[in-house]
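Trainee: predicted coordinates and the sequence they were generated for:
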Amino acid sequence: ELERLRQRNCLLTKRNHALTMHVSRTPLQKAHAVKTAQEQMTRQSSSKSSFLLKENNIITEDSRAMIRELVADLDVPVASIQGVIKAVAEGLQVPLEGRVSQRSIGRIVKEGGVAADVQLVDEVLQAQGITFSSDGTTHKNINYQSRHITYTSHDGLGITRFAGIQHEVDHTSQTQLDGWKAMIANLYSTYNACMNGSLDPRQFMLKVKGFLTDHAEDQKKLVRLFVEWKRACERDIRGETALKSMPPDDVIAILWQMTQDALSAVGGLEGWTALPPDEQNTHASTAVQQLHVKIGQDCFSKLTESEKETADFFVWAGCCMHKELNAVKGGNTGMQAWWALNDITGPVVLMNRDNMAAAAGGSSSAQARAAQVSQRGATKALSLAGAVFHHKDDKKGQQDSLRCFLETQLGYFCPGPTRAIHTIRWLVHQELYITYLEIIMDKKDSRTHTNIECNVLSALRCRRTTEEIACLAVWGQCISHPYLRSVRGSMGSDNMLDLGPLHIHLIVHIKRLIANVKIIIGPEASYLTASLDGKPFERPEAVYTIMKLASNVEIYPNLAPLLVAFLEGALETAIRFTSEFARDGAITKMTSEQRQLARMNTTNDVNEGALGTLRTSMWQAPCMSLAHFNAQFKYKKNRTDMYIKTCMSRNAQKYLQKKARLDDASGHERKRRTNQAQHDAKVVQRNWEKDRAKRARHEAMQAKLDAVEPCVVSSQIAKMHVVDIDLQLRWHRRLDPQVPQAKDLKTSKKAEKICILQGAAARYLSRGTGMNTAVMEDGSGVEGPGTEDEPRVIGLRGMDTDEEDEV
C-alpha cells in the first residue's frame, strides 16, 4: 500500500510539473500564434494581386450591386463609373483588374429597374389594398405621366412605391388610362417570367381601392374611366369563376350561344372564315370576356348591398396642395372683384412696355385697350418683383446683389426669396426695396429704370397694392402655414382619408375670420384665435406690420373689407375643392379599416417631385433614355437593392440580365418617338378632315342662306317658328352688325328673337329704300303688291322686282 502511494505521488508530481511548464509556455505560444496569423494574413493580402470586376469574363454580382449603387444612389454619371472605381481602388492600394463598358453599365442599371418591377408586384400581392396616384407635365413639348402606388404595410406604416414615368402622346384621359393598363400588363409579364408564375393582371385591379390626383377635369374623367375598368375586371373574374362551377350542359349551351352571336356579328360562318387569324382571335377573346362580364354581373346582382359595396369599394381624393392653391386663387378673384363692386379705384395698373407706349401716345381706343388688357394688383406685382429680384434665369434680375444689400442693411444673411417670403418682405422691408430700386437706377449709366422696374416701384408705393399684399400675407400666416403643417404629417395624420375633420375645421375657421376680422388685424389679435392650428405665426413680424397698417384707417381704409372679400372668395373655392370630405360623402362614411385599406398620401408631391427630377436629369444628361431614368429612379426610391439581396434567387437574378438585354435591344426609345410622330400626323389629318367638314357645312349653310327670302312683314314674322326665326337672323347677321351673335341668343325666348328680327327687317328696309321705312303689321311699309295673307318677299339682292325674280 505504501509503494502504491509512493508511485501515485510520483505521478502527480510529474503531472504538476508538466502543467507548470505548459502554463509558463502559454504566453509564448499565444504570441507565436498571433504572429503566425498576422504573417498568414499578410501573405494572403500580398497574394491577392487585384480586385476582379469580372470572373470568367462575366461581371460579378458584387460588381453589379456596386455599379447600381454608384449610379442610382450616389448619382455618379455612367461615363464616370469606371474612373470612380479605379480611383477608389488606387486609394485603397488594390490593383484593379477588368473593365466595364458604358453599355454594360447601362444594362446593369436596367437590371435594377426590372428587379423593381418584380418587387412592386410582389409587395402588391402581400398588401390588402393599394391606391394609385399620378400627375403629368410636359418637357420639350412631350407629355410625361408619373405614377406611384401606395399601401399600408403589416406594421401599419404607409409605403409609397414609384411605378415609373411614361411618355404619352397626349394628355387625354383615355390615353392616361391606356398607360395604366400597359404598365400593369408589363409588370405582371415581367413578374411571371422572372418568378415562373402565372398571375392574372386582373387580380391587380381588385386590390386598387382609391386614386389620388389633382382637381383638373381630365383627372376626374380618368378616375371615372378607371372605376369602369376596375368594375369590368371584377365582373370578368367573377363571371369566369362562376362559369367554371356551372354544370357541363349549361356551359355547353352558353358557349354555343356565344359562338352563334360571334358568328352573326361578322356575317356568319363565311364572314368568320374570311377573317385573318389575328382578327378571329380578337373577336373570340372579346366574346369570351363579354360572356364573363355578363355572367359576373348576374352574380353580382345577387349579392347583398353590403357585399356589393365591398366589391366596388373605391374612393377618390384631390391633392391638398392644390386645394390650398385654388383657395388662394379664389380669394384673389374675390379681392379683385371687390374694387369694382364698391366703385373704388383699384391698385395701380402695371402695363408692359408696348401697352405703356400705346397709353402714352396712341389713339383713344388704343389707350382704352391698353388699360383694359393690362393687369394690376398684388399677384401681378409679386410676379414682376420676382422677375426683377429673383428671376428664374440666373443671368437676369438682381439675384445675389439684392441679398448682399439686404444682408448689409439687416445684419444677417437672407436666403433666396420665394413668393411667400416676397409677400412678407414686401410688407416688412418695403422701404428697403424702394431704396434698392433707386440704387439700381443710380448704378446705370442712363440713370433710368426699365419698364418692369418702374412697375415694381409703382406697386411698392401704391397703398392699395399694399392692402392686397397684406391680405395675401394674412392668409399665409393664418391658414397656409398651419394647413401645410397639418397635411404634411408634422401636426396630424399622413393619410389623406383621415383629414376630414381638418377640412371641416378649415371651413369653420375661415367663416369665423370673416365674421370678425378683428381676430386677425385688431389690436388684441393673437395666434391662439387667428391661426388655424392655434400655433405661433410663422412670421410674426409680418402680422405686426399688418396690424399697424390696419390701425391707420386714413391711409389704408380698405384693408378690413378687402380682407373679408378675399376670405369670402377663398371660402367659396375651398368648399368646392374639399367636396370629397362632405359630411355625407364617401370618405366620411368610411370605417377606420377602410381608410387603412385605401391609404393615400395627403399630397401629390411624390409625382410632382419625380417629374421635376426627370426634367433636371434630362437637362443634365440630354441623351439619357427614359427607360434608364425609370430604372435608376425606381432602384433608388423603392430600395430595390435590399429586395435583390433578400428575396431574389440566383436564377431570378440571371433573368434580370436577360430581360435587361432584351429591353436594351428592343429599340423602345425609337418606338416611342415614332409613336409620337405618328400620333401628331394623325392629329393633323383629323384636323384637316374637321376643316373640310367645317367648310362643307359652311358652304351648305351659305347656299341655304342664299336661298332665303327675308321676311319684312311684322305679322308674318310673329307667326314664324323658332327655327325659321334663327335662319332669318342668320341671314341678316351677314349684313347687319347690330344683330346679336347666335351664342348670345342661346337663352333668349321666342318673343325676344321676334323683336330682334323685326328690328333687323326694319333696318334692312331702311338700307334698301334709302329712307327709314318701318315694318308695318299690314305690310304697308313695303312698296309694291302684297297683302297680309300674301305678303311681298324681298329677294337676296335687295329691293328686286317681281320680273327679276321670275327671270
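Mentor: Sure thing, it's come through.
Trainee: mind checking the SS state of the residue nearest the centre of the chain?
Mentor: Nearest to the geometric centre of the chain sits D135, at 2.9 Å (CA atoms, centre = their mean). What DSSP: H, G, I helix; E, B strand; the rest coil gives for D135 is strand.
Trainee: what's near enough to touch it?
Mentor: Residues near D135 by CB atoms under 8 Å, 6 or more residues apart in numbering: 145-146, 213-214, 604, 607-608, 611. Quick note: C-beta positions are derived from backbone N, CA and C, even for glycine.
Trainee: then N342?
Mentor: Residues near N342 by CB under 8 Å, 6+ apart: P561.
Trainee: so which residues of the stretch 201-350 of the chain form helices?
Mentor: Ranges of helices in the stretch 201-350 of the chain, per DSSP state H, counting those that start in this stretch, are 201-207, 217-244, 248-265, 268-274, 277-301, 305-311, 320-341.
Trainee: dump the ones you listed into JSON lines; add mean pLDDT as well.
Mentor: Converted to JSON lines, the helices of the stretch 201-350 of the chain look like this (pLDDT from 0 to 100):
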{"stretch": "helix 201-207", "mean pLDDT": "92"}
{"stretch": "helix 217-244", "mean pLDDT": "93"}
{"stretch": "helix 248-265", "mean pLDDT": "82"}
{"stretch": "helix 268-274", "mean pLDDT": "82"}
{"stretch": "helix 277-301", "mean pLDDT": "87"}
{"stretch": "helix 305-311", "mean pLDDT": "91"}
{"stretch": "helix 320-341", "mean pLDDT": "95"}
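Trainee: ok, back up a step: of the contacts of D135, which pair is most distant in space?
Mentor: Using CB to CB, the pair of those lying farthest apart is T213 and L611, separated by 13.7 Å.
Trainee: so which of these two has more stuff around it?
Mentor: In this view T213 and L611 are compared by other CB atoms under 10 Å, and T213 has more residues nearby, 24 against 19.
Trainee: related to what we said a few turns ago, against G164, how distant is the residue nearest to the residue nearest to the centre of the chain when sequence neighbours are not counted?
Mentor: With CB to CB, 6 or more residues apart in numbering as the criterion, D135 has its nearest non-adjacent residue at 3.7 Å, and that residue is N607. Applying CB to CB, to the nearest Å, the value for N607 to G164 is 11 Å.
Trainee: return every residue with contacts to both of these two.
Mentor: Between them, N607 and G164 share these contacting residues under CB under 8 Å, 6+ apart: 146-147.
Trainee: those two: which has the busier surroundings?
Mentor: The neighbour count for N607 versus G164, taken as other CB under 10 Å, is higher for N607 (27 against 24).
Trainee: isn't the more buried one right up against S133?
Mentor: Yes. Using CB atoms under 8 Å, N607 is in contact with S133, at 5.9 Å.
Trainee: give me the common contacts of these two.
Mentor: Shared contacts of N607 and S133, defined by CB under 8 Å, 6+ apart, comprise 147-148.
Trainee: mind listing the strands for the chain?
Mentor: Applying DSSP state E to the chain gives strands spanning 51-52, 54-55, 58-59, 96-97, 130-139, 142-152, 158-168, 208-213, 315-318, 349-350, 375-376.
Trainee: out of the ones you listed, which one sits most buried?
Mentor: strand 208-213 (a mean of 24; mean count of other CB atoms under 10 Å).
Trainee: quick one: strands adjacent to that strand?
Mentor: Using DSSP bridges, strand 208-213 pairs in its sheet with strand 130-139 (parallel), strand 315-318 (parallel).
Trainee: just give the number of residues close to A627.
Mentor: For A627, the count of nearby residues is 20 (other CB under 10 Å).
Trainee: quick one: pLDDT of it?
Mentor: According to the prediction, A627 has pLDDT 95.
Trainee: that one touches G112, doesn't it?
Mentor: No. A627 lies out of contact with G112 (CB under 8 Å); the separation is 11.6 Å.
Trainee: buried ones in stretch 376-390?
Mentor: Within stretch 376-390, the residues scored as buried using 16 or more other CB atoms under 10 Å are 376-382, 384-390.
Trainee: what average pLDDT does that stretch get?
Mentor: For stretch 376-390, mean pLDDT rounds to 91.
Trainee: repeat that for stretch 698-708.
Mentor: For stretch 698-708, the mean confidence score works out to 90.
Trainee: check stretch 402-415 too.
Mentor: The predicted model assigns stretch 402-415 a mean pLDDT of 83.
Trainee: just give me the neighbour total for D533.
Mentor: 18.
Trainee: ok, the closest residue to it other than its chain neighbours - contacts?
Mentor: Leaving aside its chain neighbours, D533 sits nearest to P482 (4.0 Å; criterion: CB to CB, 6+ apart). Residues counted as contacts of P482 (CB under 8 Å, 6+ apart) are 491, 531-533, 535.
Trainee: mind putting these into JSON lines with pLDDT and distance to L745?
Mentor: Output for the contacts of P482, formatted as JSON lines (pLDDT from 0 to 100; distance: CB to CB, whole Å):
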{"residue": "M491", "pLDDT": "54", "distance to L745": "54"}
{"residue": "S531", "pLDDT": "94", "distance to L745": "51"}
{"residue": "L532", "pLDDT": "94", "distance to L745": "47"}
{"residue": "D533", "pLDDT": "91", "distance to L745": "52"}
{"residue": "K535", "pLDDT": "92", "distance to L745": "56"}
